[in-house]
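Novice: okay, here's the prediction I keep looking at, along with the sequence it came from:
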Amino acid sequence: MTDRATKIQMFLNNASWGDAVRKPLAGDASRRRYERLKNTDGQDAILMDADPATGEDVVPFIKIANHLNDCGLNAPEIFAADPQNGMLLLQDFGDGLFAKLMADDPNCQRELYTRAVDVLLALHKCPMPDPIPAYPPLMPGLAALAVVWYRGGLLGDNPALEGSLSSLMKDAIAGLPTHDNVLILRDYHSENLLWLPDQTGLAKVGLLDFQDAMSGHAAYDLVSLTKDARRDVPKDIARELQDYYSAKSGVNAAEFAQACATVSAQRNLRILGVFARLCIRDGAAHYLDFIPRVWDHLIDDLAHPSLDALATFVKDNLPAPTPENLQILRDKCKK
């Protein structure tokens with residue numbers, strides 16, 4: 001048994017879950033590992049293994065989970081925690097992922113997505129935890145990952161273009177109408193939301209993967225939901241959800257549309273870079289399969305007239321993800 005395995009077993013023993021049956025669960029793009037546990041009385045729980053030696057930290061998860069529950073939302077209850085060693089024992093929300101339910105029955109999409117927007121409306125009325133880092137100052141540099149890893153993987157390094165994209169993104173964000181920042185979960189999509197029909201109200205939506213939450217524009221999590229890298233959201237539903245949020249929150253619809261296009265463009269540029277990096281640096285080639293959808297989202301974002309300069313840059317400097325270009329990236333994937 002490795003030292004890490006020994007520490008995990010000690011953690012489970014101390015939490016009275018040492019005899020539980022353990023089954024690995026599919027992970028995400030992080031270095032965290034998850035297991036589903038079933039103890040001797042049939043109760044389920046989730047083990048989060050976030051080894052600090054890999055750069056992981058469970059403290060933000062604990063902080064944001066407590067905050068979300070204080071806001072009347074539904075984050076997993078934390079049964080036991082060992083922050084120093086990066087271990088959490090969490091409530092198991094089951095297998096009702098929005099993505100799975102909607103794939104099985106597309107007719108439920110409108111209801112589930114609307115419930116997810118209701119959660120955002122409630123979250124954005126709740127005071128933010130203090131302190132909380134701000135996302136907008138980081139957004140230009142993160143958008144430039146599209147040049148560093150996506151374009152770089154295809155055409156080589158170009159620091160000047162990296163700086164140009166960062167500058168254009170900074171200008172686009174600065175051009176947004178004045179707004180109040182809210183808590184943004186930053187990975188708010190159908191793979192991180194679970195439907196809990198036995199709950200009531202907002203608690204019917206179980207929330208996951210929120211440890212990277214920061215303060216930012218209210219549009220950010222909405223476009224994370226409607227411009228999902230992993231599944232196609234019907235365009236009519238996406239438009240309805242944007243209109244629904246605008247109407248319910250009282251924001252100016254035209255200004256909110258500009259914000260949605262801007263933060264979505266930033267997000268999709270970042271994802272292009274991150275997915276290319278996951279292949280080239282980390283050997284996770286399957287993320288390349290999502291890049292054409294992310295590219296389509298980006299092109300749709302750049303159709304907004306406020307983003308003409310950014311659109312010109314992308315047209316002139318970022319190659320489209322043709323099958324040939326994706327193969328170039330795939331060939332550079334770490335073995």
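Specialist: Arrived safely, thanks for sending.
Novice: quick one: mean pLDDT over stretch 261-276.
Specialist: Stretch 261-276 shows a mean pLDDT of 98 in the predicted model.
Novice: so what's the gap between it and the chain middle?
Specialist: 11 Å (Cα atoms, centre = their mean, to the nearest Å).
Novice: got it, and stretch 116-134?
Specialist: Centroid separation for stretch 116-134 versus its chain: 15 Å, with Cα atoms, centre = their mean.
Novice: list the buried residues of that stretch.
Specialist: The neighbour-count check on stretch 116-134 (16 or more other Cβ atoms under 10 Å) flags 116, 117, 118, 119, 120, 122, 123, 124, 128, 129, 132 as buried. The way it works is simple: take the backbone N, C-alpha and C, and place the C-beta from them, glycine included.
Novice: return the subset of these lying in helices.
Specialist: The members of those that map onto helices under DSSP state H are 116, 117, 118, 119, 120, 122, 123, 124.
Novice: same list (the residues you listed) but as a markdown table, adding pLDDT.
Specialist: Below are those laid out as a markdown table (pLDDT from 0 to 100):
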| residue | pLDDT |
| --- | --- |
| 116 | 98 |
| 117 | 98 |
| 118 | 98 |
| 119 | 98 |
| 120 | 98 |
| 122 | 98 |
| 123 | 98 |
| 124 | 98 |
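Novice: pLDDT at the spatially most central residue of the chain, what is it?
Specialist: The chain has residue 187 as the residue nearest its centroid, 1.6 Å off, counting by Cα atoms, centre = their mean. Residue 187 carries a pLDDT value of 95.
Novice: what's the closest non-adjacent residue to it?
Specialist: residue 209 (4.9 Å; Cβ to Cβ, 6 or more residues apart in numbering).
Novice: and the one you found, how close does it get to residue 285?
Specialist: Applying Cβ to Cβ, to the nearest Å, the value for residue 209 to residue 285 is 22 Å.
Novice: please tabulate the ones in helices among the buried residues of stretch 116-134 in JSON lines, including the columns distance to residue 48.
Specialist: What follows is those, written out as JSON lines (distance: Cβ to Cβ, whole Å):
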{"residue": "116", "distance to residue 48": "23"}
{"residue": "117", "distance to residue 48": "27"}
{"residue": "118", "distance to residue 48": "27"}
{"residue": "119", "distance to residue 48": "22"}
{"residue": "120", "distance to residue 48": "24"}
{"residue": "122", "distance to residue 48": "25"}
{"residue": "123", "distance to residue 48": "22"}
{"residue": "124", "distance to residue 48": "27"}
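Novice: any idea which of these is closest to residue 242?
Specialist: residue 117 (9.0 Å; Cβ to Cβ).
Novice: in contact with that closest one, which residues?
Specialist: Listed by Cβ atoms under 8 Å, 6 or more residues apart in numbering, the contact set of residue 117 reads 222, 225, 241, 244, 245, 248.
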